[in-house]
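Visitor: everything below, folded, please.
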Amino acid sequence: MNRLLYVLLISAITIVGFTMYKHSDLGHVSFSFAGYFFETNLVVFGAALFCALFVILILTRSYDYIKHFFIAFGNNRQKHLEDKARLSLSQGLIEYAEGRFAQAEKILLQQVRYSNNRLLVYLSAARAAQQLGAHDRRDEYLRKAQIEAPGADVAISLTKAELQLAHNQNEQALATLTQLYRLTENHNYVLTLLANTYKHLHDWDNLSHILPQLKKHGNLSAESFLKFEIAVCNGQLTNLTKAGLLTNAGSLPLIDFWHDVPQHLKAVTEVVEHYAKQLISIGATGEAEKILRLFLNKNWHESSIVLYSELDVMVDNKQLEAAEGWLKDHNHNSYLLLALGKMCITRSLWGKARNYLEASIAINPMPENYLKLARLLEEHMNDPSAAQEYYRQGLHILAGDYGDYVLQKDAHDFARETPQLKIVKT
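Guide: Predicted structure coming up:
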C-alpha cells in the first residue's frame, strides 16, 4: 500500500512538472497569515515544503535516537541496580545463615529500594533483627513488608507469630495467631502454631477445642498429635486438682473426668501416672492404688511400680495377692518388693513384710526400704538392736555414704543374696 502511494505521488509530481515546463508556467502561490503576505511560484514553494518535511523528518529521527539512547541507558542502569539488589539479598541471606545477624540486616537493606522482591528482603531483615533482640526494628520491617505486599498478609503474620514465639512473646503471638485463625480457619501451619501457643500458655481448654481441627488439617504425625492429647489431658487433670483443693470438692471431679478420657490415653503411662499423682495430692490414695494396679496388670513400667511403691494405703487380701502375682516375672524388682513389704505391714503380716523389705534392700539399698524395715523391727517385732542397725545403714545411704561393702557388689551378688520368696495366701 505504501509503495503504491509513493508511486502515485511521484507520478502526479512528474505530470504536473512536465505540464508546467511545456507551457513555461512555474505556477503562482500566494497566502497571507497574521497580516503578512507571502507570494512565490510553485517550484520554490514545493522546494521549501520539501525542505521543511526533510527537516521535520531529521528532527523526528533524531528525537527517536536520543529517546532510545536514554531508554537503553536507563534500562542498563536499572538492570545494574536490580543485579546489585539481587546480590545484596543473596549475600544478606548467606550472612544470616552463617549467624552474622547485624551484618545480614545491614546488607539486606542496602539496595532494597531497587529490589523486585522487597517482601523477602523485609521478612529476612525482620528475622535478623529478631536475632539481635531489636523488636522495634523487627516490627517496622514487618510493617513495611505489609505495605509492599498487602496480599501476603498471611505469610507476614505467620512470620510475625514465629518471631514472637521464638522470643517467648506468647501473649502477642496468641493475638496474631487468633486473628490469622479467623481468616484461615483450617490452615495447617496456623493450627500447629496456635496449638503450640496454647500449650506454652497452659490454656488447655482452648487447646482441647481445636484438637479435632488439628487432627484433621494439622498434617501432624500420630506421635506428634498424641503429645498434644497427652498435654491437654494432663493439664486439665492438674486444673481440676487445683480447683478441687480450693473448693474441697474431693476426688469426684477427677474421677468423673477420667471416665470420659479416651481409652487410648488410659493406656499411656504418662497419663496414668499423672492421674494417680493428682489423686494422691488430694488424698485419694485408695483410688490411685486401684488405677496403678489395674494398669500394671497389663502394662509393666518401672516408673509406674516406683510410684506404686510410694503409696501408703490399706489393702485387702485380693489387692495383696494381685501384687504378689507380679513376682512371677519381676521377683528382682526392688520397688515391687518395697511395695509388697508396705502392703504386708498394713495387713499386719510382719514376717512377710520383713522378708520383702530385706529382699528389696539386698537388691537396691534405698533410704525408704531401710526406714520401713527399721520401723517394722522396732514397732512390731521387738528387735530394737536390728532396727538401730538398719537406721544407721539408712542414714549412710541417705548421706551418700554407701560403704565399701555395698559399692563392691554387682548384680549377681544381689541376685544370690536375695531371699527366696514364697508367696503365702492369707
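
Visitor: what's the spacing between the residue nearest to the spatial centre of the chain and residue 162?
Guide: Relative to the mean C-alpha position of the chain, the nearest C-alpha, by C-alpha atoms, centre = their mean, is the one of residue 193, at 5.5 Å. Applying C-beta to C-beta, to the nearest Å, the value for residue 193 to residue 162 is 7 Å. (Glycine included, C-beta is placed from N, CA and C.)

Visitor: cool, and residue 180?
Guide: For residue 180, the distance to residue 162 equals 11 Å [C-beta to C-beta].

Visitor: and these two? Which one has more around it.
Guide: Neighbour comparison, residue 180 and residue 162: the larger count goes to residue 180, with 22 against 17 (by other C-beta atoms under 10 Å).

Visitor: picking up where we left off before, residues touching the residue nearest to the centre of the chain, list them.
Guide: Residue 193 is in contact with 158, 161-162, 165, 173, 177, counting by C-beta atoms under 8 Å, 6 or more residues apart in numbering.

Visitor: the residue lying closest to residue 286 once chain neighbours are set aside: what secondary structure?
Guide: Among residues not flanking residue 286 along the chain, residue 313 sits closest, at 5.6 Å (C-beta to C-beta, 6 or more residues apart in numbering). With DSSP: H, G, I helix; E, B strand; the rest coil as the basis, the three-state label of residue 313 is coil.

Visitor: next, count neighbours for residue 313.
Guide: Summarising burial for residue 313: neighbours were counted as other C-beta under 10 Å, giving 17.

Visitor: got it, and residue 195?
Guide: Look at residue 195: counted by other C-beta under 10 Å, it has 24 neighbours.

Visitor: helix or strand for it, which one?
Guide: Assignment of secondary structure by DSSP states H and E places residue 195 within helix 188-200.

Visitor: for the closest residue in space to residue 257 that isn't next to it in sequence, what are its contacts?
Guide: With C-beta to C-beta, 6+ apart as the measure, residue 240 is the residue that lies nearest to residue 257, at 5.8 Å, once sequence neighbours are left out. For residue 240, the residues meeting the contact criterion (C-beta under 8 Å, 6+ apart) are 253-254, 257, 278.

Visitor: which ones among those residues map onto helices?
Guide: 253-254, 257, 278 (DSSP state H).

Visitor: and which of those residues is nearest to residue 390?
Guide: Of all the ones in helices among the contacts of residue 240, residue 278 has the smallest distance to residue 390: 33.3 Å, by C-beta to C-beta.

Visitor: phi, psi of the closest residue to that closest one other than its chain neighbours?
Guide: Nearest in space to residue 278, with sequence neighbours left out and distances taken as C-beta to C-beta, 6+ apart, is residue 241 at 4.4 Å. Dihedral angles phi and psi of residue 241 (degrees, to the nearest 10) take the values phi -60, psi -50.

Visitor: got it, and residue 326?
Guide: Phi and psi for residue 326, reported as degrees, to the nearest 10, are phi -70, psi -20.

Visitor: report how many residues lie close to the nearest residue to it once chain neighbours are set aside.
Guide: With C-beta to C-beta, 6+ apart as the criterion, residue 326 has its nearest non-adjacent residue at 5.9 Å, and that residue is residue 336. The number of residues packed around residue 336, counting by other C-beta under 10 Å, is 27.

Visitor: now do residue 336 against residue 309, distance only.
Guide: With distances defined as C-beta to C-beta, the gap from residue 336 to residue 309 amounts to 7 Å.

Visitor: tell me where the model's unsure across the stretch 301-426 of the chain.
Guide: For the stretch 301-426 of the chain, the stretches flagged by pLDDT under 70 are 401-426.

Visitor: can you give me the helices for it?
Guide: 302-309, 317-325, 327-330, 334-346, 350-363, 367-379, 384-398, 403-407, 411-417 (DSSP state H, counting those that start in this stretch).

Visitor: what distance do you get for the residue nearest to residue 286 to residue 393?
Guide: Residue 313 sits 27 Å away from residue 393, taking C-beta to C-beta as the criterion.

Visitor: most tightly surrounded among the helices of the stretch 301-426 of the chain?
Guide: With neighbours defined by mean count of other C-beta atoms under 10 Å, none of the helices of the stretch 301-426 of the chain is more surrounded on average than helix 334-346, at a mean of 24.

Visitor: send the alpha carbons of it over as CSV?
Guide: Extracted as CSV, the C-alpha positions of helix 334-346 are listed here (Å, rounded to 0.1, in the frame of the first residue of the first chain):
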residue,chain,number,x,y,z
SER,A,334,13.3,-53.7,94.4
TYR,A,335,10.4,-51.3,94.1
LEU,A,336,7.9,-54.1,93.8
LEU,A,337,9.4,-55.8,96.9
LEU,A,338,9.2,-52.5,98.8
ALA,A,339,5.5,-52.0,97.8
LEU,A,340,4.8,-55.6,98.9
GLY,A,341,6.5,-55.0,102.2
LYS,A,342,4.5,-51.9,102.9
MET,A,343,1.2,-53.7,101.9
CYS,A,344,2.0,-56.6,104.3
ILE,A,345,2.6,-54.1,107.1
THR,A,346,-1.0,-52.8,106.6
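
Visitor: got the angle for it vs helix 367-379?
Guide: Helix 334-346 runs at 30 degrees relative to helix 367-379, counting by axes from the mean of the first three to the mean of the last three C-alpha atoms, to 10 degrees.

Visitor: contact partners of the helix or strand hosting residue 106?
Guide: Element membership of residue 106, judged by DSSP H and E, is helix 101-110. Contacting residues not belonging to helix 101-110 are listed as 88-89, 91-93, 95-96, 121, 124-125, 128-129, 131-132, 137 [C-beta under 8 Å, 6+ apart].

Visitor: from what I can see the residue nearest to residue 286 touches residue 285, true?
Guide: Yes. Residue 313 lies in contact with residue 285 (C-beta atoms under 8 Å); the separation is 4.5 Å.

Visitor: neighbours around residue 382, how many?
Guide: Other residues close to residue 382 by other C-beta under 10 Å number 9.

Visitor: please name the residues that touch it.
Guide: Applying C-beta under 8 Å, 6+ apart to residue 382 gives no contacts.

Visitor: next, give phi and psi for the residue nearest to residue 286.
Guide: The main-chain torsion angles of residue 313 are listed as degrees, to the nearest 10 and equal phi -140, psi 140.

Visitor: same question for the one 3 residues further on.
Guide: Comment: the main-chain dihedrals of residue 316 come out as phi -100, psi 180, following degrees, to the nearest 10.

Visitor: ok, residue 117 next?
Guide: Torsion angles at residue 117 (phi, psi; degrees, to the nearest 10) stand at phi -140, psi 60.
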